[in-house]
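**Q** Sharing a sequence plus its predicted fold:
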Amino acid sequence: MVRLDLVEMTSREVNQQLKKLIGTEPDIDIYNPHSIHNFATALIGDGKVTVHGSTGFYTGGFLEGPSLIIEGNTGWYTGDNMMAGEIIVQMNTGSNAAPSMVGGNLVIRGNSGSRAGWGMKGGNLVVCGDVGRWTGKMTLGGRIVVLGRIGEGAGESMYNGVIHTLDPGVEEKLGGNVRLIPIEDPEKKELEALFKQYDIAQGVDDFMSIVPAVYGRHDYSLFEPTHTPKSSLPKSQARG
Amino acid sequence: MSEKGKRPPRVKDVQQGVWTPDAIAEIRYKAQLGKHRIRGCGTPRKLPHFDDLVVLPSQLTRMSIDTYREHCETQTVLGARFAKKPLVIETPIMISGMSYGALSKEAKIALARATDIIGTSINNGEGGLLPEERENSYKQVVQILPSRMGFTLRNIEAADALEIIVGIGAKPGLSGHLMASKITKEIAAFRQLPEGIDLHSHPRHGDIFGADDLCLKMDELRDVTNSEIPIFLKLAAGRVWEDVKIAVKAGVDGIVIDGAEGGTGAAPVVASNHLGIPTLPALVQATRALEDMGVKEEVSLIVSGGIKDGADVAKALALGADAVALGTGAMIAMGCTVCLRCHEGKCAFGIGTQDPEQRKKLNIEKAAQQVANYIRGMTYEAVILAKAAGKTKLKSMEREDLRALTLEACAMTGIPLMGSNYTFGEMFGFC
């Protein structure tokens, strides 16, 4: 095991050090991370990196291969453009987790902010707590799993991919161009395996899935008058 | 009331004032369909342009350089601010970002081959990097767009330079439109989209929510690239002076300013016609911003939008650009007639289409050679003007070499009005 103390290191120095160690050292322990930004950027290879504390923005960006465990919180854009491997955040993340994620698993034990999974293209994003607005906005692929409550605008304009949710009020919080369907059996099996891999004690039968409404043309409105046209009212209610 | 047998005047007979045939056609389109019109190629509006400037020839105040027997340096180095390996190209004329999707695979390959023939760079545009494009290109710029379709770490590894897109001149504040006619099975798979969807990308990056985040993002990308390759940032021309300063502070190596003349595969007509400012004043403001910050020699400045010939290149360089980028011009060199219907995907020349039959009409080798010839000819033209102005390096063109033909251009650029040393407006560079 290698121990790195970041107390006087810049993110650039940390990442250069990590790139030298990864693949040769199976276990790397990080102390005094002081919410450092851009931690473990483009770290490629096998190995386990454990952070005893919290990290800042862009944690694990472009990560490809390693297992990254953050014992505290992370900032915005955790798992940014992540390629493969896994990131486990034991507490909460800021907004925009897993933006444009390509592959791998990002597991957040606590809550995540708005726009989790923005433009995801692959991989799995699991949030054990709540998520904010616009989760899974414009995803191109991948799977988002939310065990807690989900915010408004869920799945707005998804192109591909799926959001699994347990939120009983989700129907009122769907974004545009998506629909809600029961989870399918093959998906249940995949979820069970995912939960088992990360010791998540949660059944899979009650999940609902948010999927793209149409695999064709999205429907947008750039102008939404709030009044009721007279022509659409019954004659008895129409005035003038 | 009209006399018997005489046709009463109709609207189309009165083509004065605001009710032009175009205005009438637009009203009828909206009246029928209740929506805005989408169109390709950008705005057809007449805008202030480099043609409103002339280059002053050297006579007794300085010696001219022999056009045909003396050398004028054209090699251009871009992005040397922080990158270990700046982008080195043989002419300051680049191919700008046009996506595989908006263009056919054959057109992308032809453009890439042209860059290899002439020694310049191509930019992949939205929707991923076509392997055939990279195989054929001389220098490859890879865009980082909000949509990130087809974008992975592999794209960065294949790049000679990166370009973060904040906006494009043809539809600033908006993002990519790719109509269903072009989302074929192959394009859909390449972009991870459902086949046949009308694509409207997002204008904001999911991982850059504001200027502060951009600073961190730049650090991240430096880590990813080990600071080897330049990172440019592309801005649509709007509040150029302010935007350029923010980009410089964020740590970019170069800035691409895309003026309102910029082309596109598809955009709302109202956006192309009414958003953003033209390339000429945008370049002036960008140069001023860099000079105000004292980084004009550090940060590369590239302009695009309506660049059509070598005179535009020479004048753009004189006004502070380090290079220009071509989109529509390169398409015209391949055979495009600027019919404004790129969005329909039926391009009869095999350029802006995904139709297998139409694509066959583009001869890749011939098109590549034509684009290379076009860039070569443009470079010749720029060199002719530079030598006539007494320069042995194209990049030595300077504002003092220019005069404005119109009061408007004079006020806009700070270049003195022809026949005088007087300027009107902000006295750009001549205080």
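**A** Thanks, I have the structure now.
**Q** contacting residues for the spatially closest residue to B:His205 that is not a sequence neighbour?
**A** Spatial nearest neighbour of B:His205, excluding adjacent residues (C-beta to C-beta, 6 or more residues apart in numbering or on different chains): B:Pro146 at 4.6 Å. Using the backbone N, CA and C atoms, a C-beta is placed for each residue, glycine as well. Neighbour list for B:Pro146: A:119, B:165, B:175, B:201-206 [criterion: C-beta atoms under 8 Å, 6 or more residues apart in numbering or on different chains].
**Q** Hmm, B:Leu78 and B:Glu298 touching each other?
**A** No. Look at B:Glu298 against B:Leu78 with C-beta atoms under 8 Å: they stay out of range, at 11.6 Å.
**Q** So for the two, which residue has more residues nearby?
**A** More crowded of B:Glu298 and B:Leu78, by other C-beta atoms under 10 Å in any protein chain shown: B:Leu78, with 27 against 14.
**Q** My guess is that one contacts B:Ala325. True?
**A** No. Taking C-beta under 8 Å as the definition, B:Leu78 is not a contact partner of B:Ala325, at 10.8 Å.
**Q** Quick check: neighbours shared by the two?
**A** Counting by C-beta under 8 Å, 6+ apart, the contacts common to B:Leu78 and B:Ala325 are B:Ile302.
**Q** Specify the helix with the largest residue count in the chain.
**A** Just going to use chain A. Across chain A, the longest stretch assigned as helix under DSSP state H is helix A:185-197.
**Q** Please refer instead to chain B.
**A** For chain B, the helix that runs over the most residues, judged by DSSP H, is helix B:364-388.
**Q** What helices and strands are in contact with that one?
**A** Judged by 3 or more C-beta pairs under 8 Å, 6 or more residues apart in numbering or on different chains; DSSP states H and E, helix B:364-388 is in contact with strand B:93-95, helix B:105-118, helix B:310-318, helix B:328-334.
**Q** So what's the gap between that helix and the chain middle?
**A** Distance of helix B:364-388 from the chain centroid (C-alpha atoms, centre = their mean, to the nearest Å) equals 17 Å.
**Q** interface residues of chain A facing chain B?
**A** Proximity of chain A to chain B, by C-beta under 8 Å from any C-beta of the partner chain, involves residues A:11-12, A:15, A:37-38, A:41-42, A:57-58, A:61-62, A:64, A:76-77, A:80-81, A:83, A:95-96, A:99-100, A:102, A:115, A:118-119, A:121, A:137-138, A:140-141, A:159-160, A:212, A:215-218, A:220, A:222.
**Q** picking that back up, packing partners of the helix or strand following the longest helix of chain B?
**A** Next in sequence after helix B:364-388, counting helices and strands by DSSP states H and E, comes strand B:402-404. Where contact means 3+ C-beta pairs under 8 Å, 6+ apart, strand B:402-404 is packed against strand B:53-55, helix B:407-413.
**Q** send the alpha carbons of the longest one over as PDB?
**A** Read it as helix B:407-413. Taking Å, rounded to 0.1, in the frame of the first residue of the first chain, the C-alpha atoms of helix B:407-413 are listed here in PDB:
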ATOM      1  CA  LEU B 407     -17.100  55.600 -43.200                       C
ATOM      2  CA  GLU B 408     -18.900  52.600 -41.700                       C
ATOM      3  CA  ALA B 409     -15.800  50.400 -42.000                       C
ATOM      4  CA  CYS B 410     -13.600  53.300 -40.700                       C
ATOM      5  CA  ALA B 411     -15.800  53.700 -37.600                       C
ATOM      6  CA  MET B 412     -16.100  50.000 -37.000                       C
ATOM      7  CA  THR B 413     -12.400  49.100 -37.300                       C
END
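**Q** now for it, which elements pack on it?
**A** Under the contact criterion of 3+ C-beta pairs under 8 Å, 6+ apart, helix B:407-413 touches helix B:279-293, strand B:402-404.
**Q** will you turn the ones you listed into CSV that also has mean neighbour count and mean pLDDT?
**A** CSV is the format used below for those (neighbours: other C-beta atoms under 10 Å in any protein chain shown; pLDDT from 0 to 100):
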stretch, mean neighbour count, mean pLDDT
helix B:279-293, 23, 96
strand B:402-404, 22, 95
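**Q** Turn these into JSON lines, including distance to A:Val127.
**A** JSON lines is the format used below for those (distance: least, C-beta to C-beta, whole Å):
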{"stretch": "helix B:279-293", "distance to A:Val127": "42"}
{"stretch": "strand B:402-404", "distance to A:Val127": "58"}
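**Q** nearest to B:Tyr68, of the ones you listed?
**A** Nearest of these to B:Tyr68, taken as C-beta to C-beta: strand B:402-404 at 24.1 Å.
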